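Colleague: build the 3D model from these lines:
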Amino acid sequence: MVALYHMFPYTGDDWAWGSKIGIDRLNNWFENYNGRYVGNLIVLAMTRSNLLKAVIMSFCLTGIVALCEYIFKRKWVFYVSCVALVLIPKLIFRQAVVWTAGYANYVTSMFFTLLFIAYVYPIFQETMPRRKVWHCLPLFVLAVINALIVEHLTIYNVVLACGVLVYTICVHRKVVASHVAYLIGSVAGAAYMFSNSAYHTIANNQDQYRQMAEGGVISRAFDNYVNEIAKHLCLNNCWMNLAIVIVCAMIYKKIYSDVNKNRSVLVAKICLVVMAGFTTWSLLSSFGICTFAKQNRLLYFEAAFVAAYMIALIIYCILIGSQKKCLWKVLFWNAGIVCVAAPLLVVNPIGERCFFATYILFLMLLLELLILLDGEEKESRIFTKTFCKTCAVVSIFGLGFYLNIFSSIYQVDKDRLARIERQVEAGKTSVEIRHLPYESYLWTATPEWEPWIERYKLFYGLPEDLEIKAVWEYSKKK
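Modeller: Sure, this is the predicted structure:
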């Protein structure tokens, strides 16, 4: 995996962070830029060493898979999680995983958040494990780190900490000191993040790039939901949707096959029909129609369909959670998805990278549903060695696919830089830079206009007055 991450090229904002622009931001302590202090420090480090970048990427993604297995205490969870990451939507993959600046904020924040979730997940057991007082310090530090990476996860961690505290008080009749420490750290970190003057500028719509609720909160929320959130939250997750609806159908057969027809059975059937219909639609939409070609009426219909799907999924989870006495577990993941996505309604612009966290939370919900299907038996009748081997084969071939794609990208990226450097040494003042292959897997991979041209030259130490023209193929004269 380290070899694959080593092949990911630096693109877009990586060129700024890895040049003197990033150092200038650091020297100014990111004043009026953003409050992602920890995320900014991570990207500064990752853009200065490709090996360090590969190690950090490998550690965090592998850590997410390991935490999934640790939370659910099933060996097959590891294999399912690997397949889910291989099948992650390409738009999320290119911005949150491949793009270094995106990874430093959106993947690392989810990894650190899952650390806390792994710590508190035992609250859903009948008897909570005892927690040591010394846990307060590392939990406080973790909370502060979590709060200083990316805004919507900052808000989620505050809500998560509050929810955990309330749940333990109401259900277990106790207050856990380490949970309180995490809440204090989350609030303190959030206060420090949003004290950055950048958010005052954004709130007043004085920032050229970022705005908040310009034209009214309701209007902005509607536009964001229709144009971005519906698409990246659910619609593009076609394989995740398919897995969830199949598991839900199997759970329905297991729970309701011998139950007399009543209102809950009817509601469950309706929910399954909506979920199956949406899954079919998402498959056709993902593979059949380019997003940019969709007319408004289709966007509005799909946005409404996504809302119906989410409502049906939550209602179905409530029904089966009540039947299997795990209501709070399934609601925990559903509430997390909604809570992470909610802040995105009122800010602009938002990108695919913002939905890496919701994708992982959908994965956690899927795993929770699979636990319901698997039951409490020590030897699973469904998730056998054959199942795990099949998942391993899918993951290996998926890894091989990405190695093939990014080895080509890596080679062309090296060759085009070497070509530019040779021409600069020869005294050329104008050069051509070739587009990379498979650029749909990359974010701003080729500097075609400012400020990317300037940042590319700064990152690679090229002359300031060098003219760069992006081409798909080099001209014969060159």
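Colleague: strands along this structure, start to end?
Modeller: All strands of the chain, identified by DSSP state E, fall at 211-212, 347-348, 430-434, 467-471.
Colleague: and the second one, which strands flank it?
Modeller: Which is strand 347-348. strand 211-212 (antiparallel) (DSSP bridges).
Colleague: pretty sure residue 313 is touching residue 337, no?
Modeller: No. Between residue 313 and residue 337 there is no contact under Cβ atoms under 8 Å: 9.1 Å. Yep, even glycine has a C-beta here, placed from its N, CA and C like the rest.
Colleague: excluding its backbone neighbours, what's nearest the residue most central in space within the chain?
Modeller: By Cα atoms, centre = their mean, the chain has its centre lying nearest to residue 356, at 1.1 Å. Distance criterion Cβ to Cβ, 6 or more residues apart in numbering; nearest residue to residue 356, sequence neighbours excluded, is residue 96 at 3.8 Å.
Colleague: what residues are up against that neighbour?
Modeller: Residues in contact with residue 96 (Cβ atoms under 8 Å, 6 or more residues apart in numbering) are 102, 103, 106, 107, 352, 353, 355, 356.
Colleague: then residue 151?
Modeller: Residues near residue 151 by Cβ under 8 Å, 6+ apart: 35, 36, 193, 343, 347.
Colleague: residues touching the residue lying closest to residue 313 once chain neighbours are set aside, list them.
Modeller: Setting aside the residues directly before and after it, residue 313 is nearest to residue 275 in space (Cβ to Cβ, 6+ apart), at 6.2 Å. Listed by Cβ under 8 Å, 6+ apart, the contact partners of residue 275 are 241, 244, 245, 248, 309, 312, 313, 316.
Colleague: out of these, which sit inside helices?
Modeller: 241, 244, 245, 248, 309, 312, 313, 316 (DSSP state H).
Colleague: export the residues you listed to JSON lines and tack on distance to residue 159?
Modeller: Below are those laid out as JSON lines (distance: Cβ to Cβ, whole Å):
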{"residue": "241", "distance to residue 159": "25"}
{"residue": "244", "distance to residue 159": "23"}
{"residue": "245", "distance to residue 159": "28"}
{"residue": "248", "distance to residue 159": "26"}
{"residue": "309", "distance to residue 159": "23"}
{"residue": "312", "distance to residue 159": "24"}
{"residue": "313", "distance to residue 159": "20"}
{"residue": "316", "distance to residue 159": "23"}
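Colleague: check contacts around the spatially closest residue to residue 394 that is not a sequence neighbour.
Modeller: Leaving aside its sequence neighbours, residue 394 sits nearest to residue 83 (Cβ to Cβ, 6+ apart; 5.2 Å). By Cβ under 8 Å, 6+ apart, residue 83 lies in contact with 391, 394, 395, 398.
Colleague: and residue 69, by the same measure?
Modeller: Neighbours of residue 69 in contact, by Cβ under 8 Å, 6+ apart: 75, 77, 78, 81.
Colleague: one more: residue 443?
Modeller: 11, 12, 94, 95, 98, 99, 102.
Colleague: likewise residue 193?
Modeller: 35, 36, 37, 147, 148, 151, 154.
Colleague: can you pick the most crowded of those?
Modeller: residue 147 (31 neighbours; other Cβ atoms under 10 Å).
Colleague: my guess is that residue contacts residue 159. True?
Modeller: No. Look at residue 147 against residue 159 with Cβ under 8 Å: they stay out of range, at 11.9 Å.
Colleague: for the contacts of residue 443, which one is nearest residue 414?
Modeller: Closest approach between the contacts of residue 443 and residue 414, by Cβ to Cβ: residue 11, at 14.0 Å.
Colleague: nearest residue to the closest one in space, please, no chain neighbours.
Modeller: Counting by Cβ to Cβ, 6+ apart, residue 445 is the residue found nearest to residue 11 once chain neighbours are left out, at 4.8 Å.
Colleague: for that neighbour, phi and psi?
Modeller: phi -80, psi -20 (degrees, to the nearest 10).
Colleague: hmm, back to that, distance to residue 52 and mean pLDDT added to the strands of the chain, as JSON lines?
Modeller: Below are these laid out as JSON lines (distance: least, Cβ to Cβ, whole Å; pLDDT from 0 to 100):
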{"stretch": "strand 211-212", "distance to residue 52": "34", "mean pLDDT": "66"}
{"stretch": "strand 347-348", "distance to residue 52": "31", "mean pLDDT": "81"}
{"stretch": "strand 430-434", "distance to residue 52": "26", "mean pLDDT": "94"}
{"stretch": "strand 467-471", "distance to residue 52": "28", "mean pLDDT": "94"}
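Colleague: of these, which is nearest residue 327?
Modeller: So among the strands of the chain, strand 347-348 is nearest, using Cβ to Cβ, at 32.1 Å.
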